[in-house]
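Peer 1: sharing a sequence plus its predicted fold:
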Amino acid sequence: MGPQAIGVQPWGAWGLLSPPLCGPPQHPNFCYLPSVCGSCKALFRRFFFNASSQQCEEFIYGGCGGNRNNFKTKGECFQACSHIGN
């Protein structure tokens, strides 16, 4: 009779919902997305994380569409994505 047969889930004895993770912290997948200007015609200065250069870089956002790799400030971009690749 295995632990699941008696109602004990794996890792349940430690009160965890999933096995512990080892290794570097996980970062949002959206940090790997390219910059997308969007389909509208506005000219908003925004920043995206360039995973190749490991830098937050400026681009012009049209105001609609796009993706989550779109930050109002370089600081917000850096905070969300700067540890990728470390």
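Peer 2: Thanks, I have it. Numbering: from 1, shown residues only.

Peer 1: residue 50 contacts residue 59, correct?
Peer 2: No. Counting by C-beta atoms under 8 Å, residue 59 is not a contact partner of residue 50; they are 9.5 Å apart. All C-beta atoms are positioned from the backbone trio N, CA, C, and that covers glycine.

Peer 1: quick one: the helices in the chain?
Peer 2: 74-81 (DSSP state H).

Peer 1: okay, and the common contacts of residue 50 and residue 59?
Peer 2: Taking C-beta atoms under 8 Å, 6 or more residues apart in numbering as the criterion, residue 50 and residue 59 both touch residue 35.

Peer 1: low-confidence ranges in the chain?
Peer 2: Counting by pLDDT under 70, the chain contains low-confidence residues at 1-27, 84-86.

Peer 1: show me where it has its strands.
Peer 2: Per DSSP state E, the chain carries strands over the ranges 44-50, 55-61.
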